[in-house]
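>>> Structure, please.
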Amino acid sequence: MASHPKTCIDRVLPAERMRFQSTVRRGGTLRALMPIGKTWMNGTTLRVRFIGGSASQRARAKEQALWWTAHANLRFEFGDSADAEIRVTFDEGDGAWSYIGTDCRGIPLDQPTMNLGFLDGGTAAHEFGHAIGLAHEHQNPQGGIVWNEAAVIADLSGPPNHWDEATIRHNVLRKYAIDQVRGTRFDPGSIMLYFFPGSWVASGVGTEANEVLSALDKAFIASAQAYPRDAPTADDAVVVKVGASRRTQAAIGKAGEEDLFTFEVTRGGRHTIDTRGDTDVVMKLFGPDRRTDLIAEDDDSGVGTNARLNVDLVAGRYWVQVRHYDRARGKGTYSLGVRRA
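Numbering: from 1, shown residues only. Below you'll find the model as predicted:
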């Protein structure tokens, strides 16, 4: 129906569908138990393969994808790589959708990670925003949208979406918990916010159709919370020796900083990667030999608030990314060790 907005579908991995978001209390604040983080390693080159689509469709998608890399410390490489991280179809019967960030690596290589069934306005930029880890702005916990739920459900249950209520709640009505996401205050100008009619909103005042990146979109994607150009990349990673007699000493020197380490596994088997100290850190592990393949993430499995991973690794090179749990204010020293169990 012409009066209904064309709405993006958030694609999630099967294991995360309808996942219960439980919380634990620490230091007087509620803290969510989040699924694995979605952001790529800072400075990553993401390969993009178009599957079908006309020359003009591909050109439009490429142009809008590059809006993000003008500000983020990321690069898109467009080509025919069979194992591209981002694989884009143009099926007009399947709407517009994308998996979020590193979830793309969990999709079989013969399947798309994004579909651009329509290319109105800034749709391609919106979907590539998802592909680099951004969520829908209308689900920002700091947003002020109060929905007319009955109207939203009634409209999206019918054509052209034909969504069930659970899908509608996941994609439109449900907000993230404040501690599930990192970001800015609600941005009504964000490219990640779709147009919604006034009939869907309790105030009767809908949202605008945003067709370009907002000032906050540009600032956030280049910030320490996303992909800053002044932060270390995998090329700057500190080398850690597996089984070293002395642990590698490190520090989060400023809020939002992410430290990167690399190590080589020469003999496959069970390995332990852990941090020690009084600093509350979160750790991600990428590899083998591919900086875009997120293997695992941990927060508090070590002693106290330290991170610890016990994983079976094959021979190859790996990268470890460490950040403070409190991106806004956290600093502190810690040590990192890698050993074969």
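>>> hmm, who's touching whatever helix or strand residue 334 lives in?
In this assignment (DSSP states H and E), residue 334 forms part of strand 332-340. Applying CB atoms under 8 Å, 6 or more residues apart in numbering, the contact partners of strand 332-340 are 240-244, 247-252, 261, 263, 267, 269-281, 306, 320, 322, 324. Just so you know, the C-beta spots here come from the backbone N, C-alpha and C atoms, and that holds for glycine as well.
>>> Now which of the residues you listed would you call buried?
240, 242, 247-248, 250, 252, 261, 263, 271, 273-277, 279-281, 306, 320, 322, 324 (16 or more other CB atoms under 10 Å).
>>> Just to be careful, could you list which of these are in strands?
Judged by DSSP state E, the buried ones among the contacts of strand 332-340 include 248, 250, 252, 261, 263, 271, 273-276, 281, 320, 322, 324 as members of strands.
>>> And those, which is closest to residue 146?
Ranked by distance to residue 146 (CB to CB), those are led by residue 324 at 33.8 Å.
>>> Quickly list what that closest one is bridged to.
residue 281 (DSSP bridges).
>>> what sits against it?
252, 255, 257, 279, 280, 281, 282, 330, 331, 332.
>>> Can you tell me which of the ones in strands among the buried ones among the contacts of strand 332-340 is closest to residue 58?
residue 320 (36.2 Å).
>>> which residue packs closest to the closest one, ignoring adjacent ones?
Take residue 320 and drop its neighbours on the chain: the residue closest to it by CB to CB, 6 or more residues apart in numbering is residue 261, 4.4 Å away.
>>> so who does that neighbour touch?
237, 238, 239, 240, 248, 250, 319, 320, 322, 336.
>>> For residue 320, see how far away the spatially closest residue to the last one that is not a sequence neighbour is.
Using CB to CB, 6+ apart and skipping the chain neighbours, the partner closest in space to residue 336 is residue 248 (4.8 Å). The spacing between residue 248 and residue 320, counted by CB to CB, to the nearest Å, is 10 Å.
>>> Mutual contacts of the two, please.
240, 261, 336.
>>> List just the nearest of those residues to residue 113.
Of all the shared contacts of residue 248 and residue 320, residue 261 has the smallest distance to residue 113: 28.0 Å, by CB to CB.
>>> Near residue 211, how many residues? Count them for me, please.
14 (other CB atoms under 10 Å).
>>> now residue 329, what's its secondary structure?
State at residue 329, reduced to three classes by DSSP: H, G, I helix; E, B strand; the rest coil: coil.
>>> can you list the domain ranges for this protein.
What automatic domain parsing lists as the domains of the chain is 9-221, 234-340.
>>> Please report how far the closest residue in space to residue 123 that isn't next to it in sequence lies from residue 60.
Nearest residue to residue 123, sequence neighbours excluded (CB to CB, 6+ apart): residue 96, at 5.4 Å. Residue 96 sits 13 Å away from residue 60, going by CB to CB.
>>> With neighbour numbers in mind, choose between the two.
Legend: neighbour count by other CB under 10 Å for residue 96 and residue 60, higher for residue 96 (22 against 17).
>>> so that one touches residue 116, yeah?
Yes: taking CB atoms under 8 Å as the definition, residue 96 is a contact partner of residue 116 at 5.8 Å.
>>> Show me whatever sits in contact with both of these two.
123, 127.
>>> all helices of the chain, in order?
Using DSSP state H, the helices assigned to the chain run over residues 55-69, 123-131, 149-157, 165-168, 215-221.
>>> Pipe these into TSV and attach distance to residue 105 and mean pLDDT per row.
Listed next are these as TSV, based on distance: least, CB to CB, whole Å; pLDDT from 0 to 100:
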stretch	distance to residue 105	mean pLDDT
helix 55-69	18	98
helix 123-131	11	94
helix 149-157	30	87
helix 165-168	24	82
helix 215-221	20	89
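>>> So for residue 295, which of those helices sits nearest?
Per CB to CB, nearest to residue 295 of the helices of the chain: helix 123-131, 19.7 Å.
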